[in-house]
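# Give me a model of this one.
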Amino acid sequence: MIQQIPQRLHEVNTLLATCQQGVFSFEEALPLPLFYQDFNDTNLLVKEAVCLVKENPGMLLDFSSSLLSETKTYLSLDRTPLQAVDFESLFGEHLKAFELRHEEAKATATKLWREYSGVSNRLDFLLLDSEEYSLLDVECSAAKTKSDEAHARANLLYKEYQQERDRYFCVYCFKPMFLDVLVERLKGIAGSIISDINRMQEDKP
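Residues are numbered from 1 along each chain as shown. Alright, predicted model coming up:
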């Protein structure tokens, strides 16, 4: 995890440095809540650092130096444009397309089921050995197939909607101050790691 943080934070910094005043699309804003979601558990970072300092302290020092540099860059940037971003609305707008596709498929499936149900009900009033029954039975089977396929598609699109909603729910919950607090914490951790490694190297005979 620690290897990914400097590069991911660099992407966030690039976004903040190049964005227009409070104008973000869903795709542009996404790296911010994803960064927070992926790295907010700093206890995992500390545990990983403890293991890595024994295996490869030089590598850990390089990563920590990069992280410290990126945190300082983040904290030096003008982050006021973020305050104007409505992450909840961005999330809702992004989901709307998935929701509309499902609703359209659901409406089609309901229409086809009613058509099948109507044909099926007509069969109940016909003699089983009549020619009319035979012809209508074929029509009923075809209508049922269409209805089943439409319902399967509607169910698939609803599953896609749920997956997209769950995957990016972090956007709905995100507040810019969450990222500020996390970056401050990462800055402190990176600084402590660098100090500890330097002290270890100085103590070596």
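# Would you quantify the distance from Ala143 to Glu131?
Distance of Ala143 to Glu131, computed by C-beta to C-beta, to the nearest Å: 19 Å. Glycine gets a C-beta too; all of them are placed from N, C-alpha and C.
# and the two? which has more neighbours close in?
Shown here are Ala143 and Glu131; by other C-beta atoms under 10 Å, Ala143 has more neighbours (20 against 9).
# Verify the stated contact: that one with Val119.
Yes. At 5.2 Å, Ala143 counts as touching Val119 under the criterion of C-beta atoms under 8 Å.
# On the three-state scheme, Ala97 is what?
Under DSSP: H, G, I helix; E, B strand; the rest coil, Ala97 falls in the helix class.
# Check the one 3 residues further on too.
For Leu100, the secondary-structure state derived from three-state DSSP is helix.
# any idea how far it lies from Gln162?
Leu100 is 15 Å from Gln162, by C-beta to C-beta.
# which other residues reach stretch 106-125?
Identification of contacts with stretch 106-125 by C-beta atoms under 8 Å, 6 or more residues apart in numbering yields 133, 136-137, 139-140, 143-144, 146-147, 150-151, 153-154, 158.
# buried ones in it?
Residues 106, 108-109, 112-113, 115-116, 119-120 are the ones in stretch 106-125 that count as buried (16 or more other C-beta atoms under 10 Å).
# Could you list which of these belong to helices?
106, 108-109, 112-113, 115-116, 119-120 (DSSP state H).
# Can you tell me how far the spatially most central residue of the chain is from Ala154?
Note on the chain: the residue nearest the mean C-alpha position is Tyr168, at 2.8 Å, using C-alpha atoms, centre = their mean. Applying C-beta to C-beta, one obtains 22 Å for the distance of Tyr168 from Ala154.
# Tyr161 too?
To Ala154, Tyr161 is 10 Å away according to C-beta to C-beta.
# Give the residues shared as contacts by those two.
Common neighbours of Tyr161 and Ala154 (C-beta under 8 Å, 6+ apart) are His102.
# Quick check: closest non-adjacent residue to Tyr161.
Phe98 (4.2 Å; C-beta to C-beta, 6 or more residues apart in numbering).
# what about the helix or strand bottoming out on mean pLDDT in the chain, distance to the chain center?
Within the chain, no helix or strand scores below helix 80-83, which has a mean of 86 by mean pLDDT, DSSP states H and E. Centroid separation between helix 80-83 and its chain, computed with C-alpha atoms, centre = their mean, to the nearest Å, is 21 Å.
# go on, stretch 11-21?
Put simply, stretch 11-21 sits 20 Å off its chain's centre (C-alpha atoms, centre = their mean).
# In three-state terms, label Glu11 for me.
Under three-state DSSP, Glu11 comes out as helix.
# show me what contacts Tyr172?
Contacts for Tyr172 (C-beta under 8 Å, 6+ apart) come out as 87-88, 91-92.
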